[in-house]
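>>> Fold the following for me, if possible:
(2 chains)
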Amino acid sequence: MRRNPLWLLPAAAAVAAALLVPALVYGGINLQYLSVYGDYWHNYDFRTTTPAVAAADWPVTMVWGCNANVTRVDNYLKAIGYPDSGGAMYAHVYESLYGREWWDSDGGRQNTCYCVWNSAQSAYDGYKRHTRLYGYSGAYLYNTTWGYYVIATTHYDINHAGCDRKKCQGGSVAGTERFGWSESVENTIRSRASSDYTVRDPDYNAQNYGYFDMGANYHQSDGRTAYVCMSP
Amino acid sequence: MKRYALSLAILVVGLFWVSVGAPVWGGQSLLERSKPVQPSSPTATPDSREKDAKVMAIVLQNKTIEGMLAGRVEGRDYWIRIGYTFEHAESVSTEENPIAMVHFYFDPPVSYAGEFPVIVSDPCSGHYGEDERLDPDDPCMKEPKEYGSALGALVDAQGIVAQVDLRRGELVEVFQPPVAVEEMQDIRRRYGQ
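Okay, the predicted model is just below:
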């Protein structure tokens, strides 16, 4: 007996609406599950394996392509002054090669703590740049436009534990902890990478545009990723 | 008939999720409007002119800020963006946004010396975890910060942020952020005259 599939329409509409609405709320975070040349990924990484705006951590600001993989980018970052690892976060991806989705986890790479003179406060602040790298199963993603590629989030840790005002200038004051400025970190990394690889910026529209404060965090993104082609 | 009933039930659950479940899950209080993704004015809330004026009156009372802007024209030599936020990320849906962040962007850059407001000590310093968040139960959030001032000297600063605590009615801190070129250009394009 042939069944009329129309009965599914209201249910499908409800499910679709439920998936769309979280993108419209919570501050200025525009969380999207992007369709990217056949693959899918969320345009933020997450503090838990929950694809919700309340769990969003930092915007995806970089794509490393042309035969990139997490290990290769990781090694490159170590070589250019990012020897430290950080706390792990999660990215939600769908790899079209395998037809599977995946929650990838990565602690990323941080540069060695350095001190920046905060002239408005006549004191040094401790700075670290931090980037996290994600692929399918900790390795890579693949599409025909970017080849084997890796997505990355970026942010500053300012006066964070172990790299604070006390470390920079002694004394007992740690300085105010702040986090974010993803675009600034993206700029620094892609500028350094441009001496070794071909770089395009701005490139892909990751739809995570916005400049706004959220507590101790500053969301700074022009909405477009920087692309680093690691070819050959 | 059973299928239509099932479909209707799913629709009702879906509508409840859309109107109540998802916003709450997303951290939004149902008692407040959702905030705009891309504000159409320099402020985060387009209808907050009165609030903005109050914030700027507080900021401009500071002699150093006033001196820094002397002779400069807004929209030509500097740009301002005001954002309203909460004290800690964990309190987003439990209180009004009591903190105003006034972002100044300078072109040409500013060099100026004076007495700047500073946060002398923050009980939550050193308490943030690897995820850049505080434990929601951390008692540091209820302890008072210590405020003061320090002599500072800006040299070719492209931007500063002035933090106003609206509960205290005071400018409590000025700091230099790592301003990105894109941010500066974007603000000028949107809010330039």
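
>>> can you list the weak-confidence ranges in chain A?
Filtered on pLDDT under 70, chain A yields the residue ranges A:1-27, A:232.

>>> where's the spatially most central residue of chain A, which helix or strand?
Central residue of chain A (C-alpha atoms, centre = their mean): A:Thr153, 1.7 Å from the mean position. According to DSSP states H and E, A:Thr153 maps onto strand A:147-158.

>>> Which secondary structure elements does that strand sit against?
For strand A:147-158, the packing partners by 3 or more C-beta pairs under 8 Å, 6 or more residues apart in numbering or on different chains; DSSP states H and E come out as strand A:56-65, helix A:70-79, strand A:89-95, strand A:123-134, strand A:141-143, strand A:178-180, helix A:182-193. C-beta coordinates here come from the backbone N, C-alpha and C atoms, glycine included.

>>> now the angle from the second one to strand A:56-65?
Here the directions of helix A:70-79 and strand A:56-65 differ by 100 degrees (axes from the mean of the first three to the mean of the last three C-alpha atoms, to 10 degrees).

>>> Buried residues of helix A:70-79, list them for me.
Buried residues in helix A:70-79, counted by 16 or more other C-beta atoms under 10 Å in any protein chain shown: A:70, A:72-74, A:76-77.

>>> follow-up on the earlier one: next, count neighbours for the spatially closest residue to the residue nearest to the centre of chain A that is not a sequence neighbour.
Nearest non-adjacent residue to A:Thr153, counting by C-beta to C-beta, 6 or more residues apart in numbering or on different chains: A:Trp58, 4.0 Å away. Using other C-beta atoms under 10 Å in any protein chain shown, A:Trp58 is surrounded by 28 other residues.

>>> just the one 4 residues further on next, same as before
Other residues lying near A:Met62 total 28 when counted by other C-beta under 10 Å.

>>> rewinding a little: so what angle separates the directions of the strand holding A:Thr153 and helix A:182-193?
120 degrees.

>>> Please tell me how far A:Asp203 sits from A:Asp164.
Plainly put, A:Asp203 is 34 Å away from A:Asp164 if you go by C-beta to C-beta, to the nearest Å.

>>> Which of those two has more residues huddled nearby?
Higher neighbour count among A:Asp203 and A:Asp164: A:Asp164, with 25 against 17, using other C-beta under 10 Å.

>>> A:Tyr124 reaches A:Cys168, doesn't it?
Yes: if you go by C-beta atoms under 8 Å, A:Tyr124 and A:Cys168 touch, sitting 3.7 Å apart.

>>> list residues touching both of the two?
Residues touching both A:Tyr124 and A:Cys168 (C-beta atoms under 8 Å, 6 or more residues apart in numbering or on different chains): A:Cys115.

>>> next one: the strand holding A:Thr153 to chain centre, how far?
5 Å (C-alpha atoms, centre = their mean, to the nearest Å).

>>> What are the contacting residues of the helix or strand following it?
Once strand A:147-158 ends, the next helix or strand along the chain (criterion: DSSP H and E) is helix A:165-169. Applying C-beta under 8 Å, 6+ apart, the contact partners of helix A:165-169 are A:113, A:115, A:123-126, A:159, A:171-175.
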